[in-house]
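Participant: need coordinates for the below:
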Amino acid sequence: MPQVYLSLGSNIDREQSIQQAIKQLTAEYGLLKISTVYESEAVGFEGDAFYNLVVGFETDLQWEQVQQQLRQIEEDNGRERGSEKFSSRTLDIDLLIYGDLDLQKQGVDLPRAEIFKYAFVLRPLAEIAGTECHPQSGESYAEIWERFDSTPQSLWAAALQF
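Facilitator: Okay, the predicted model is just below:
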């Protein structure tokens, strides 16, 4: 079964939204690896601070089925589609990694390019999957995080725990 990693973020009712997402993901996929919850300033727009984390699990579902379930969990938690990419939201769940699948050449953002761009994605991913390797670069997430310049992106551990 492929190992899957997701990025979760929320800046509207963020504690409740994240807790509900973890509850629903556990019901769907069983035991989860859960990173520290990090707080970060909004990126790309003016807004309230986000809670961000990464969760991992194994599944025998195809990536499209996982993606469909993630969209449903977002909608169940008040996510409204059609808003701007950089905007406030109750819940944002992104499929970061699905085993060693690389669909970039087919126009699917998998593995997700944000892994290399945002501290709020890479730091928690490196925390729970540090020894695993990126399907394209072959580098471990710990190595990628080690050389990542996080100075322009404020990130700190939040009080929320699971």
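
Participant: any idea how far E39 is from E139?
Facilitator: Remark: distance between E39 and E139 (CB to CB, to the nearest Å) = 27 Å. Glycine gets a C-beta too; all of them are placed from N, C-alpha and C.

Participant: the two - which one has more neighbours?
Facilitator: E39 (18 against 13; other CB atoms under 10 Å).

Participant: residue contacts, the residue nearest to that one when sequence neighbours are not counted?
Facilitator: The shortest distance from E39 to any non-neighbouring residue, by CB to CB, 6 or more residues apart in numbering, is to A158 (4.2 Å). Residues in contact with A158 (CB atoms under 8 Å, 6 or more residues apart in numbering) are 36-39, 51.

Participant: got a list of what the spatially closest residue to L70 that is not a sequence neighbour touches?
Facilitator: Nearest in space to L70, with sequence neighbours left out and distances taken as CB to CB, 6+ apart, is I93 at 4.5 Å. By CB under 8 Å, 6+ apart, the residues touching I93 are 6-8, 21, 70, 73-74.

Participant: show me the helices in the chain, by range?
Facilitator: Remark: helices assigned in the chain by DSSP state H are 14-29, 63-76, 119-129, 141-147.

Participant: deepest of those, which one?
Facilitator: Highest mean neighbour count among the helices of the chain (mean count of other CB atoms under 10 Å): helix 119-129, with a mean of 22.

Participant: what does that helix contact?
Facilitator: 3, 5, 7, 9, 33-36, 38, 40, 43, 50, 52-56, 94, 96-97, 112, 114-116, 141-142, 144-145, 148, 150, 153, 155.
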